[in-house]
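[1] Dropping the sequence and predicted coords here.
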Amino acid sequence: MSIADWYRQYSEGLAALSRMLWDHPEASEKEYISSKLLKQYLVSHGFEILEDGAAGLETAFVASRGNGRPYIGFLAEYDALPGLSQQCVPSPSPVSGQEYGHGCGHNLLGTGAVGAAVATACAMEEASVPGTVFLFGCPSEEVMLGKIVMAKNHIFDDLDAAISWHPGDRNRASEESYQAMLSVEYHFHGKASHAAMAPDQGLSALDAVELMDVGVNYLREHVPAGVQIHYVILNGGDKPNIVPDKAAVWQFVRAATTADLHKVAARMDDVAAGAAKMTGTTYTKKVLTGCNETRIVPALVEVMNQVMDEIPGPEWSEEEEQYAREILDHLGRTREETEAAFGEGTYEHPLHAGHLKPTGRTIDILGSSDLSDVSYIVPTCMLFAACYPYGTPNHSWAVTACTGMSIGQKGMLYASRVMAETGFRLITDGELLDRVKASFRKALGTSVYEPVQ
Ligand SMILES: [Zn+2]
């Protein structure tokens, strides 16, 4: 069956599957129902589950269909976010009793990737070409875990190319490099004592945390451009009349490059050591996770963009545009603001049609993704597809409101088909795949994959 025919036949089913995931939003590392639904769909479409609980992660899996090389992988995510429960209505309205919601649209991301894998496999069989399609079920993206652990366990090593996507507000083949990132806790250890009667005998771990934060806030001024630091205090002691013997702060460091990240992380360790010295305390460091920045493969961006030139994007109905305008109103985004940022007519027609052309350069963006580590191992590309109105902040109720209904579903089906066509071209055109691999080697330069932590 051709890819176009496949989507004609199965789009409705895919949309329904994405809605089932939306109806069961699950926390990172707990995506039991979501991963099961996706696996069931794959198995019912001729895929074999090669690994269940891949890389020691309960809700990770690897499925495949086909024979021989090349190996093309599609990457699925399916975790949800706390605090973003929302009904399918265009105003803030949580589902009562439900904490989680698909405010990053991973119900669409996972389902779209699964659809692309099946459609590609069907098209390959019809064309009688060798090759194997893999679907990687990658859990826990929101806590920067799944693909990092899978990468460290060499799950992606044999692939010839990896393809993914993410819901967004505009359609484009991504040239965007996410930030390298480190998530690290500093736990200070002091000595408890009565804060009034024997303060001289206490060593305050909380003082160390506060001094560390002051030091980090001074450090901010002297970091390479593009570095961001954010933190929360995890533990500041129990009661004011007890000198806290334990206190902890959780820091995120982000940088445009992994090299900058390591430099700033080393300075942060010095700040922690200084805070410990000043307060007579000691500290231990717990690195939770980290990722590299993304390596963009220009030749692969070009393939994906060519596919997008040929495949029509979604057509939005008047009801969908009205829904999107109501969301913008509730987000407080005025016509003026929207049009100033996205162009004339974008308030009247708040859902993107068509696609943005590549610029030919890598664009540094804010935020991080565990996809970046995969991009060091194998030529990797992704697209963004419009699944919500212009300027909608990700990780918001407004995203949840769109990812459970036709706006998000249409974006997903478009992205899925673009991914399938891209995968099919890479499988069937050896020269193209060679060009992509050369472009990847050039993008990588002398760097080799090293996990950040
Ligand atoms: Zn996401």
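    Structure's in. What do you need?
[2] where do the strands sit along the stretch 151-300 of the chain?
    Remark: strands assigned in the stretch 151-300 of the chain by DSSP state E, counting those that start in this stretch are 161-168, 172-173, 176-177, 180-189, 228-235, 246-255, 282-291.
[3] what's the spacing between the residue in the chain sticking out farthest from the centre and residue 242?
    Relative to the centre of the chain, the most outlying C-alpha is that of residue 197, 51.4 Å out, by Cα atoms, centre = their mean. According to Cβ to Cβ, to the nearest Å, residue 197 stands 11 Å off from residue 242. C-beta coordinates here come from the backbone N, C-alpha and C atoms, glycine included.
[4] can you check residue 160 too?
    Applying Cβ to Cβ to residue 160 and residue 242 gives a distance of 60 Å.
[5] Looking at those two, which is more packed in?
    Between residue 160 and residue 242, counted using other Cβ atoms under 10 Å, residue 160 has the larger neighbour count: 20 against 14.
[6] Please identify the nearest residue in space to that one, excluding sequence neighbours.
    Nearest residue to residue 160 in three dimensions, chain neighbours excluded: residue 70, at 4.1 Å (Cβ to Cβ, 6 or more residues apart in numbering).
[7] Identify the residues contacting the one you found.
    131-132, 160-161, 426-427, 430, 433 (Cβ atoms under 8 Å, 6 or more residues apart in numbering).
[8] do residue 231 as well
    Taking Cβ under 8 Å, 6+ apart, we find residue 231 in contact with 213, 216, 249-252.
[9] What is the nearest of those to residue 20?
    Relative to residue 20, the closest of the contacts of residue 231 is residue 252; by Cβ to Cβ it sits at 32.7 Å.
[10] can I see the domain layout of this structure?
    With domains defined by automatic domain parsing, the chain comprises 3-177+294-444, 180-291.
[11] gap between the residue farthest from the centre of the chain and residue 189?
    Taken as Cβ to Cβ, the span from residue 197 to residue 189 is 22 Å.
[12] in terms of contact, does residue 271 touch residue 212 like I think?
    Yes - Residue 271 is in contact with residue 212 according to Cβ atoms under 8 Å; the separation is 5.7 Å.
[13] of the two, who's got more company?
    Neighbour count, other Cβ under 10 Å: between residue 271 and residue 212, residue 212 has more, with 26 against 20.
[14] and that one, what pLDDT?
    For residue 212, the pLDDT comes out at 98.
[15] ditto for residue 141
    Residue 141 is given a pLDDT of 95.
[16] again with residue 284
    For residue 284, the pLDDT comes out at 98.
[17] Ok, the one 4 residues further on next?
    What the model reports for residue 288 is a pLDDT of 94.
[18] before we move on, the earlier item: out of the contacts of residue 70, the closest to residue 175 would be?
    residue 161 (16.4 Å).
[19] For the closest one, give its distance to residue 204.
    Distance of residue 161 to residue 204, computed by Cβ to Cβ: 54 Å.
[20] Give me the nearest residue to the most centrally placed residue in the chain, chain neighbours excluded.
    The structure's the chain has its C-alpha centroid closest to residue 369; by Cα atoms, centre = their mean the separation is 4.5 Å. Closest residue in space to residue 369, ignoring its immediate chain neighbours: residue 178 at 4.6 Å, by Cβ to Cβ, 6+ apart.
[21] and the one you found, how many neighbours?
    What residue 178 shows, counting by other Cβ under 10 Å, is a neighbour count of 22.
[22] Repeat that for residue 131.
    Residue 131 - counted by other Cβ under 10 Å - has 24 other residues nearby.
[23] That one pairs with what?
    Per DSSP bridges, the residues bridged to residue 131 are residue 67.
[24] That one reaches residue 73, doesn't it?
    No - between residue 131 and residue 73 there is no contact under Cβ under 8 Å: 11.5 Å.
[25] Same list, the domains of the chain, but as CSV with distance to residue 452 please.
    CSV is the format used below for these (distance: least, Cβ to Cβ, whole Å):
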stretch, distance to residue 452
domain 3-177+294-444, 8
domain 180-291, 3
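[26] now the helices: where do they sit in the protein?
    Applying DSSP state H to the chain gives helices spanning 3-23, 32-44, 106-127, 146-152, 205-219, 258-279, 298-310, 318-330, 335-342, 371-374, 397-403, 406-428, 430-444.
[27] re the thing from before, so for the residue nearest to residue 160, what pLDDT did the model give?
    For residue 70, the model assigns a pLDDT of 98.
[28] Residue 453 now?
    Reported pLDDT for residue 453: 86.
[29] so where's the stretch 1-150 of the chain uncertain?
    Counting by pLDDT under 70, not a single residue of the stretch 1-150 of the chain qualifies.
[30] Tell me how far the residue nearest to residue 187 when sequence neighbours are not counted lies from residue 186.
    Spatial nearest neighbour of residue 187, chain neighbours left out: residue 248 (4.5 Å); criterion: Cβ to Cβ, 6+ apart. From residue 248 across to residue 186, the span is 6 Å (Cβ to Cβ).
[31] Quickly list what's touching both of the two.
    Common neighbours of residue 248 and residue 186 (criterion: Cβ under 8 Å, 6+ apart): residue 209.
[32] Of the two, which one has the most company?
    Shown here are residue 248 and residue 186; by other Cβ under 10 Å, residue 186 has more neighbours (27 against 21).
[33] Contact partners for that one?
    Applying Cβ under 8 Å, 6+ apart, the residues contacting residue 186 are 209, 212, 248-249, 251, 272, 283-286.
[34] swap in residue 370?
    If a contact means Cβ under 8 Å, 6+ apart, then residue 370 has 138, 141, 144-148, 291 as its contacts.
[35] Turn the residues you listed into a markdown table, columns for neighbour count and distance to residue 4.
    As requested, the contacts of residue 370 are exported to a markdown table (neighbours: other Cβ atoms under 10 Å; distance: Cβ to Cβ, whole Å):
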| residue | neighbour count | distance to residue 4 |
| --- | --- | --- |
| 138 | 37 | 28 |
| 141 | 24 | 30 |
| 144 | 23 | 36 |
| 145 | 22 | 36 |
| 146 | 30 | 32 |
| 147 | 30 | 30 |
| 148 | 25 | 36 |
| 291 | 31 | 36 |
